[in-house]
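Q: Below is the sequence, then the predicted model.
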Amino acid sequence: MSTARNTRVEPETKPAAEDRYAWQQDVTGFGAEGQARLREATVLVSRAGGVGGTVAVYLAAAGVGRLVLAHAGPLRLDDLNRQILMTTAGLGSPRVDIAEQTLASLNPEVAVETVPANIDAENAAALVDRCDLVVSAAPLFSERLAMNAAAVASGTPLVDAAMYDMEARLFVRETASDPCLACLYPADPPQWKRRFPVLGAVSGTIGAMAAVAAIQVLTGMPRPAAGRLTHLDFTTLTLRQVAIAKRVGCCVCGTARPV
Ligand SMILES: [Zn+2]
């Protein structure tokens, strides 16, 4: 007869709080200094869905000091194929409230501030100005462009992650010499629809890549995504990067910018 069931397992010594981050501090170029930089950082994530929710999970797990989550509306059943911060028990509750609870259970050291609204031209500047980095993970171009404009105006680094069907894109603007999102998309594409095909694993993949890019910018690690458009195609499983030129006539970051 096996005695395994009766074997008493002695509890391990209570781990020190810093043990939470021990494995990532071994990452090349990260270290204790990278951890300290994350702890001091405030990051705006909009929204907390299939892409942004994944970003928020990894930034919280990594120990970003403060997360500001912006997302309007209650959780619906058709959100749950991709919005991994959410729970079935939370149906009908505000999504930011569920996200806050999930992140608190993952890492109570992270301060989570919730904004029960989507980003628009009216509220973008006030939210972006007090953050060290903006993660734009909104499904609508109007929201993404509003965050971009506020990030350019305040000199805040922007990580923009988006997906459609089996394709995903990542764009990072770190400094004023980088192009901005409006250099790529001068206007809201009129054919874009709010509802589009989403496989949760695809939105989660680009969300995880956006989290890596955010951590690289915040900690000073090498930043291969900065100033570039990274395109991921799951139908061929290929990744390609395109260097984007700053558009001279860009009305947000170029010479046509209003003064
Ligand atoms: Zn621009």
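A: In hand now; what should we look at? Keep in mind that what you see is a predicted model, and the values were worked out from it rather than measured.
Q: Can you point out the buried residues in stretch 148-158?
A: 148-152, 156-158 (16 or more other Cβ atoms under 10 Å). To be clear about C-beta, it is placed using only N, CA and C from the backbone, and glycine gets the same treatment.
Q: Go through those and name the one nearest the ion.
A: Distance to the ion across the buried residues of stretch 148-158 (Cβ to the ion) is lowest for Val152, with 6.9 Å.
Q: Contact partners for that closest one?
A: Applying Cβ atoms under 8 Å, 6 or more residues apart in numbering to Val152 gives the contacts 158, 173, 176, 180, 182, 252-253.
Q: again with Ala149
A: Counting by Cβ under 8 Å, 6+ apart, Ala149 touches 121, 124, 182, 252.
Q: and the residues you listed as a markdown table, adding pLDDT and secondary structure?
A: Formatted as a markdown table, those follow (pLDDT from 0 to 100; DSSP: H, G, I helix; E, B strand; the rest coil):
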| residue | pLDDT | secondary structure |
| --- | --- | --- |
| Ala121 | 94 | coil |
| Ala124 | 97 | helix |
| Ala182 | 96 | helix |
| Val252 | 96 | coil |
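Q: so where is the stretch 51-200 of the chain shaky, pLDDT-wise?
A: 192 (pLDDT under 70).
Q: which bits of it sit near the ion?
A: By Cβ under 5 Å from the ion, the part of the stretch 51-200 of the chain that sits against the ion consists of 180, 182-183.
Q: If we use 8 Å, what do you get?
A: In this structure, the stretch 51-200 of the chain approaches the ion at residues 148, 152, 179-184, judged by Cβ under 8 Å from the ion.
Q: what's the helix or strand for the most centrally placed residue in the chain?
A: In the chain, the C-alpha nearest the mean C-alpha coordinate belongs to Val55, at 3.8 Å (Cα atoms, centre = their mean). Element membership for Val55, per DSSP states H and E: helix 52-62.
Q: Pull the CA coordinates from that helix and hand them back as PDB.
A: Output of helix 52-62 as PDB, limited to C-alpha atoms (Å, rounded to 0.1, in the frame of the first residue of the first chain):
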ATOM      1  CA  GLY A  52      -5.200  44.800 -23.000                       C
ATOM      2  CA  GLY A  53      -6.300  42.300 -20.400                       C
ATOM      3  CA  THR A  54      -3.300  40.100 -21.300                       C
ATOM      4  CA  VAL A  55      -1.000  43.200 -21.200                       C
ATOM      5  CA  ALA A  56      -2.400  44.000 -17.700                       C
ATOM      6  CA  VAL A  57      -1.800  40.400 -16.500                       C
ATOM      7  CA  TYR A  58       1.800  40.400 -17.500                       C
ATOM      8  CA  LEU A  59       2.500  43.900 -16.300                       C
ATOM      9  CA  ALA A  60       1.000  43.100 -12.900                       C
ATOM     10  CA  ALA A  61       2.800  39.800 -12.600                       C
ATOM     11  CA  ALA A  62       6.100  41.700 -13.500                       C
END
